[in-house]
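K.L.:
need a structure here:
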Amino acid sequence: MTTDRIWSYAPGSGYAEGLLLTGFTVAASDGTIGHVDRQVDESGMRHLIVDTGGWLFGRSVLIPVGAVESIDPEAQEIKVACTEEEVKAAPRFRTDRETLDPEYLTGVGAYYLGLPPRETSTT
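P.N.:
As a prediction, this is how the structure comes out:
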């Protein structure tokens, strides 16, 4: 996956331009992470801010949309191609300013690009 691809929805992910994902449940390969609090589509570095609720002590995480494996608009569920532990180990998201910080976003992108490839699910 190229650096640009981590910030773009994969073909076949189920994303349609203009689809609002706020409130959708986000699931890793091994469990639910949380729900989409915000989606950022306009910066060129598209990503989701996911509210983890109690799972990570109320912490939010930033997930590049290239990690999205599938979107089910009917079920309002997004599956990402990583595990809960991999999301937990990602660079920490602290403030909304980081969504505009190229250095932070580059670090997040490099982290997710460095994860081992996964088999894509058929569900």
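K.L.:
find the nearest non-adjacent residue to residue 8, please.
P.N.:
Excluding the flanking residues, the one nearest residue 8 by C-beta to C-beta, 6 or more residues apart in numbering is residue 66, at 5.9 Å. Heads up, the C-betas are built off the backbone N, CA and C, glycines and all.
K.L.:
relative to residue 103, how far out is that neighbour?
P.N.:
From residue 66 over to residue 103 the distance is 19 Å, taken as C-beta to C-beta, to the nearest Å.
K.L.:
same check, this time on residue 20
P.N.:
29 Å.
K.L.:
distance between the ends of stretch 83-102?
P.N.:
Distance across stretch 83-102, first residue to last, is 25 Å (C-alpha to C-alpha, to the nearest Å).
K.L.:
what about residue 66 and residue 103, which has more around it?
P.N.:
residue 66 (23 against 8; other C-beta atoms under 10 Å).
K.L.:
check contacts around that one.
P.N.:
Taking C-beta atoms under 8 Å, 6 or more residues apart in numbering as the definition of contact, the neighbours of residue 66 are 1, 5, 6, 7, 8, 9, 10, 112.
K.L.:
does it sit in a helix, a strand or a coil?
P.N.:
Applying DSSP: H, G, I helix; E, B strand; the rest coil to residue 66 yields a three-state assignment of helix.
K.L.:
let's have the chain start at 32 instead
P.N.:
Right, with 32 as the first residue, what we last looked at is residue 97.
K.L.:
picking that back up, of the contacts of residue 97, buried ones?
P.N.:
Buried positions within these, assessed by neighbour count (16 or more other C-beta atoms under 10 Å), are 37, 38, 39, 40, 41, 143.
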